[in-house]
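> Below is the sequence, then the predicted model.
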Amino acid sequence: MINNKSIGKQLRDLRVSRGWKQTEVAKKVGLSRPAISNLEAGKRSLTLSTLKRFCEIYEIDISYFGIETLTYNEGIDLVSRIEAIFNSDIPDEEKDKLHRTILEIYINSKK
């Protein structure tokens, strides 16, 4: 799971270490300056695809952020598959059951 506060601080540290302004990073990543500010403050959710864009501009591996259990492509594939399931015609009660199961897996992984 992506920890927005922790990664936001790391993104800010990377930007500051390079002497870049938020507006410069925003242009490079394709986001607005306020979006960069909110990401750095941990106030905005960060997707794996956005995080990959940050990795590209800072020339770092995604493992810098502690994301090592899945490769980037495996993570994107998993998110895409989950999104397809929840956007399908599966009955809401089945979607709720899947959601609970996914949450249980996440919670158990933190023990």
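Cool, the structure landed.

> What lies in contact with the helix or strand that contains N108?
Here N108 sits within helix 92-109, counting by DSSP states H and E. Around helix 92-109, the neighbours that count as contacts under CB atoms under 8 Å, 6 or more residues apart in numbering are 1, 82, 85-86, 90. The way it works is simple: take the backbone N, C-alpha and C, and place the C-beta from them, glycine included.

> Over to stretch 23-30?
Contacts to stretch 23-30, defined as CB under 8 Å, 6+ apart, come from residues 15, 32-33, 35-36, 50, 53-54, 57.

> List the buried residues for that stretch?
25-26, 29 (16 or more other CB atoms under 10 Å).

> what's the domain layout of this structure?
Annotated domains of the chain cover 4-65, 72-109 [automatic domain parsing].

> Just put the ones you listed in JSON lines and tack on mean pLDDT.
Listed next are the domains of the chain as JSON lines, based on pLDDT from 0 to 100:
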{"stretch": "domain 4-65", "mean pLDDT": "92"}
{"stretch": "domain 72-109", "mean pLDDT": "84"}
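
> Please identify the deepest-packed of those.
domain 4-65 (a mean of 16; mean count of other CB atoms under 10 Å).
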